[in-house]
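Engineer: no letters, just coordinates:
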């Protein structure tokens, strides 16, 4: 399994190394750009239970680098809006420039109105922190066109 890939297991809370594409990713991988280990572990656990493979990057730069190498295998990007090296909403827009049909889920503890322009697109969702596991699964399912 490539470094940075969280296997679909319900108990995987261990911090993972930054995403480095050394092997092809499985189809329907979800790119998670999140600097907080606890939040990333929770999201990884929730999505793993649904059978998704999660590839984690801890910064804007790592997220873009991972997407540039393996973007054709990424079905969805989940991006923390408040990353230490930049604005996650801007990274979400950059990912959409690289892949216009890519759904992006922004997460933030800030008010949704701050992201109104980004969220005007139906392929962009917003998830307020703190969130419940069911909210993550619902938001991901909606953006991927299914139910979870």
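Structural biologist: Great, that's in hand. All values reported here derive from a predicted model rather than from experimental measurement.

Engineer: which helices and strands does the helix or strand residue 65 falls within pack with?
Structural biologist: Following DSSP states H and E, one finds residue 65 within helix 60-70. In terms of contacts (3 or more Cβ pairs under 8 Å, 6 or more residues apart in numbering; DSSP states H and E), helix 60-70 is packed against strand 29-33, strand 54-57, strand 74-80, strand 86-87, helix 88-98. For the C-beta atoms, the positions are set from N, CA and C on the backbone; glycine is no exception.

Engineer: walk me through which strands the shortest one pairs with, and which way each runs.
Structural biologist: Strand 86-87 has its sheet partners listed here by DSSP bridges as strand 82-83 (antiparallel).

Engineer: list the contacts of the spatially most central residue of the chain.
Structural biologist: Centroid-nearest residue in the chain: residue 78, 2.1 Å away (criterion: Cα atoms, centre = their mean). Residues counted as contacts of residue 78 (Cβ atoms under 8 Å, 6 or more residues apart in numbering) are 30, 31, 32, 33, 34, 43, 104, 105, 107, 140.
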